[in-house]
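1. Can you look at this prediction? I've put the sequence above it.
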Amino acid sequence: MRSFRLATMVAGAAIATILSAGSVLAGVPTPPEQQNGSVGEYLIRDSSGTTAAACRYADSGPLKLRSIMVKGPEARWPDTNADNDHQHGMVRHRIVVQRSINEGASGKRVASSTPQTKVAYENESADFTKRTVRIDIAKANAIVRVYSKVEWLRPNGTVRGVLKHWCQYARWTSDQLQGVIEQGPCPNRADA
């Protein structure tokens, strides 16, 4: 009985720490979505009900960030000719992780997934799969933000359009923290 109470107290303290860290992080700015060039329609499920990102922490204290998983977007090819209903091309997706030690004012790239490339049509989306990036950051006070980078490619492989979508919501997970959702970036150490 005593070990159960201790485990419950530890889990409760961890959740309280996460929630109090989240309220501090809620003020951390997330960069606005950016589009350059010619892009098609897209869908990124990123809301408090359907989070795009899951920040995974170690199962035992201290709760250090270990990886970030991001759901893949849906992307269509740009419709540039109303007389042609068969326009299509290659679209590439990757996730990029940035670290910030100045409360989100700026970020430095620390990791990215391998690219995933699929054919997209103007009337049928390329559905990308979820990607996971391992995290190894030494600074306990760092916050980590992640974005999906979607590129529409020309036949010669050069980029015709780019979308960067920074994830606004993240689900923080570990044995003690299943399902905690916060807005904004994840702290590298949940107890920092």
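-> Cool, got the structure. Keep in mind that what you see is a predicted model, and the values were worked out from it rather than measured.
2. Identify the single longest strand in this structure, thanks.
-> Longest strand in the chain by number of residues (criterion: DSSP state E): strand 88-100.
3. so what's the closest residue in space to Ser47 that isn't next to it in sequence scoring on pLDDT?
-> Leaving aside its chain neighbours, Ser47 sits nearest to Tyr169 (6.2 Å; criterion: CB to CB, 6 or more residues apart in numbering). Any C-beta I mention is one placed from the backbone N, CA and C, and that applies to glycine too. Looking at Tyr169, its pLDDT stands at 86.
4. Point out where the chain drops to low pLDDT.
-> Along the chain, the parts satisfying pLDDT under 70 run over 1-29, 60-61, 104, 175-178, 191-192.
5. what sits opposite the residue nearest to Ser47 in the beta ladder?
-> For Tyr169, the beta-bridge partners are Gln183 (DSSP bridges).
6. can you give me the helices in this protein?
-> 2-25 (DSSP state H).
7. and Pro78, what is it in contact with?
-> By CB atoms under 8 Å, 6 or more residues apart in numbering, the contact set of Pro78 is 38-40, 87, 122, 152, 161.
8. again with Gly179
-> Applying CB under 8 Å, 6+ apart, the residues near Gly179 are 171, 173.
9. what's the distance between it and Lys64?
-> To Lys64, Gly179 is 19 Å away according to CB to CB, to the nearest Å.
10. From Ala120, how far out is Ala142?
-> Ala142 is 35 Å from Ala120, by CB to CB.
11. I'd like to know how many residues surround Arg76.
-> Arg76: 21 surrounding residues under other CB atoms under 10 Å.
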